[in-house]
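[1] Here you go, sequence then predicted model.
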Amino acid sequence: MRSGGTGARAAGRVAQAGFCLLAALLLAPQAWAQNTYTVTTGGDDSGLVPCTGGGTSFSCNTLRDAITTANGAGGTNTINFASSVTSVTLGSNLNPINTAANTATTIDGSTSSAGSVTINGGGHAVFFVVTGTANFDDLTVSGATATGGAGASSGGGGGLGAGGGLFVANGATVTTSNVSFSNDSAVGGAGANGAASTAGGNGGGLNGGSGA
């Protein structure tokens, strides 16, 4: 009888240990899979063209498509470029990066045959990091302009122009490696006519953010 009781207690301890291990695994933070999005053209589009592929590797028609898809996936994402893509020209402001919390995005131009990729803003805003962590590697950002909105019809001042080439919102973290900015600007919006104000807003930071 005593031997049976000892065996039962031992079995109970094993079961308890197994339960604790299962609970620890369920409660532990889950690692996000790292997705890779390869941009295959240097063009731009006005709407989302779905990326193709599966698992953690995808092919995207444009940089805009890659950023939009990575934002939707969340977690950790790398956006790189096909070897044939040496430059990208935008037709409108690029969509923001890291629109969801706890997101990390790397945009890496080193995979191009040129060793880096030039992002031609064409007078539009390029990188706007909302939250999380963003890494930019081997890129040139040129000809980008962020323009604030126009003042209200009652005579309000124009809105802030936030970082033409790169704007980092308060709380976001950005690192750059071999990245240069050329002929980029941030311009305050035009003030509306009226008694209140005819002054435009300034370019630059917003709520602790910073721009380039």
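    Noted; the coordinates are in hand. Numbers count the residues shown, from 1 in each chain.

[2] which residues touch T86?
    T86 makes contact with G42, S112, S113, A114, V117, T118 under the criterion Cβ atoms under 8 Å, 6 or more residues apart in numbering. Using the backbone N, CA and C atoms, a C-beta is placed for each residue, glycine as well.

[3] where does the chain dip in pLDDT?
    Counting by pLDDT under 70, the chain contains low-confidence ranges at 1-33, 148-162, 188-212.

[4] try 80
    Counting by pLDDT under 80, the chain contains low-confidence residues at 1-33, 148-163, 187-212.

[5] Show me where it has its strands.
    Assigned by DSSP state E, the strands in the chain fall at 34-39, 52-54, 57-60, 76-81, 87-89, 104-108, 117-120, 127-129, 133-142, 145-147, 166-168, 173-182, 185-187, 210-211.

[6] export those strands to a markdown table and tack on mean neighbour count?
    As requested, those are exported to a markdown table (neighbours: other Cβ atoms under 10 Å):
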| stretch | mean neighbour count |
| --- | --- |
| strand 34-39 | 21 |
| strand 52-54 | 10 |
| strand 57-60 | 18 |
| strand 76-81 | 24 |
| strand 87-89 | 18 |
| strand 104-108 | 21 |
| strand 117-120 | 22 |
| strand 127-129 | 24 |
| strand 133-142 | 20 |
| strand 145-147 | 24 |
| strand 166-168 | 25 |
| strand 173-182 | 15 |
| strand 185-187 | 19 |
| strand 210-211 | 20 |
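
[7] This completes my enquiry, with thanks.
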